[in-house]
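# pasting the structure only:
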């Protein structure tokens with residue numbers, strides 16, 4: 001039996017309000033994981049863009065903002 005099936009078999013006899021609480025918690029965990037992934041992406045992006053912030057690179061420094 002897979003882990004998902006074990007979870008289903010465990011919560012199937014529970015009252016609806018308890019199942020809703022479990023679902024809310026699972027959604028919270030998924031959202032937290034997605035936010036952590038986005039934060040890691042933004043941190044990596046900031047590191048790579050930091051290399052572009054230098055006075056020696058006049059081509060990039062003189063590009064007008066859009």
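Sure, I can see it. Model, not experiment: these values are computed from the prediction.
# which residues in this structure form helices?
Taking DSSP state H as the test, the helices found in the chain are 3-11, 16-50, 58-61.
# I'd like the ones you listed laid out as TSV, including mean pLDDT and mean neighbour count.
Quick note: C-beta positions are derived from backbone N, CA and C, even for glycine. Output for the helices of the chain, formatted as TSV (pLDDT from 0 to 100; neighbours: other CB atoms under 10 Å):
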stretch	mean pLDDT	mean neighbour count
helix 3-11	96	10
helix 16-50	87	10
helix 58-61	64	9
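# which residue is nearest the middle of this protein?
By CA atoms, centre = their mean, the chain has its centre lying nearest to residue 34, at 1.9 Å.
# Distance of it relative to residue 26?
13 Å (CB to CB, to the nearest Å).
# what do you get for residue 42?
Per CB to CB, residue 42 is found 25 Å from residue 26.
# How about residue 44?
Residue 44 sits 28 Å away from residue 26, taking CB to CB as the criterion.
# go on, residue 48?
Between residue 48 and residue 26 the computed distance is 34 Å (CB to CB).
# Residue 6 now?
14 Å.
# can you check residue 37 too?
17 Å.
# Likewise for residue 7?
For residue 7, the distance to residue 26 (CB to CB) stands at 9 Å.
# Next: residue 10.
Taking CB to CB as the measure, residue 10 and residue 26 are separated by 13 Å.
# One more: residue 45?
According to CB to CB, residue 45 stands 29 Å off from residue 26.
# same thing with residue 19?
10 Å.
# Pull up the overlap in contacts between those two.
Residues touching both residue 19 and residue 26 by CB atoms under 8 Å, 6 or more residues apart in numbering: none at all.
# Okay, residue 42 and residue 36: tell me how far apart.
11 Å.
# Give me the common contacts of the two.
Joint contacts of residue 42 and residue 36 (CB under 8 Å, 6+ apart) do not exist.
# got a list of what residue 22 touches?
With contact set as CB under 8 Å, 6+ apart, residue 22 has these partners: 11, 14.
# let's see it at 6 Å
residue 11 (CB atoms under 6 Å, 6 or more residues apart in numbering).
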